[in-house]
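1. next one to model:
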Amino acid sequence: MLRPGDKAPPFSLLSSDGERISLKDFRGKSIVLYFYPKDDTSGCTKEACSFQSNIAALKKSDAVVLGVSGDSVESHGKFAAKYGLTFPLLSDESKEVLKAYGVWKEKSMYGRKYMGIERTTFLIDAQGKVSHVFQKVKVDGHTEEVLDALRGKAV
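-> Sure thing, here's the model as predicted:
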């Protein structure tokens, strides 16, 4: 798992609108890079909508929001359209970026083990270094934690 101070692994993924987006595209800005399990599920929808509701405050902190999951570009497009999401959702069907960021993990539900995405958010600073890592994110209150971290408040 990445830690604060680590260089953020580079990536180049297709977004919900079919555009190729790379980490290097955002040099000089703060990035809220959040990984979520699945489009249009309750927790993931709540998290995405919370970031969307606070997009003005995030932009005021000079931050861009990027969501990443293993869903297809088509799935992301439908999800973004359904909820009016204006930030890019990136498709990592190959799981390469998920693995590079250490969020592709063994999970367990009802005694069954499987591989999946652990809900995690990384704040990446203007120089491309990880400044904060939020692991096993609880959706309620998470956007406020991210905003506090961007504003330099203790998290």
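2. which residues of the protein fall in strands?
-> 12-15, 20-22, 30-35, 63-69, 89-91, 104-109, 112-117, 120-124, 130-134 (DSSP state E).
3. name the residues of the last one that are buried.
-> Put plainly, it is strand 130-134. Val130, Ser131, His132, Val133, Phe134 (16 or more other Cβ atoms under 10 Å). C-beta: built from backbone N, CA, C; applies to glycine.
4. with those residues in mind, which one is nearest to Glu144?
-> Minimum distance to Glu144 across these is 11.6 Å, recorded for Phe134 (Cβ to Cβ).
5. format the strands of the chain as JSON lines; extra columns: mean pLDDT and distance to Phe79.
-> Below are those laid out as JSON lines (pLDDT from 0 to 100; distance: least, Cβ to Cβ, whole Å):
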{"stretch": "strand 12-15", "mean pLDDT": "97", "distance to Phe79": "12"}
{"stretch": "strand 20-22", "mean pLDDT": "97", "distance to Phe79": "16"}
{"stretch": "strand 30-35", "mean pLDDT": "97", "distance to Phe79": "14"}
{"stretch": "strand 63-69", "mean pLDDT": "97", "distance to Phe79": "9"}
{"stretch": "strand 89-91", "mean pLDDT": "98", "distance to Phe79": "7"}
{"stretch": "strand 104-109", "mean pLDDT": "90", "distance to Phe79": "20"}
{"stretch": "strand 112-117", "mean pLDDT": "93", "distance to Phe79": "15"}
{"stretch": "strand 120-124", "mean pLDDT": "97", "distance to Phe79": "18"}
{"stretch": "strand 130-134", "mean pLDDT": "97", "distance to Phe79": "21"}
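6. distance to Ala56 for those strands - can I get that in JSON lines?
-> Output for these, formatted as JSON lines (distance: least, Cβ to Cβ, whole Å):
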{"stretch": "strand 12-15", "distance to Ala56": "21"}
{"stretch": "strand 20-22", "distance to Ala56": "21"}
{"stretch": "strand 30-35", "distance to Ala56": "14"}
{"stretch": "strand 63-69", "distance to Ala56": "11"}
{"stretch": "strand 89-91", "distance to Ala56": "19"}
{"stretch": "strand 104-109", "distance to Ala56": "32"}
{"stretch": "strand 112-117", "distance to Ala56": "27"}
{"stretch": "strand 120-124", "distance to Ala56": "18"}
{"stretch": "strand 130-134", "distance to Ala56": "21"}
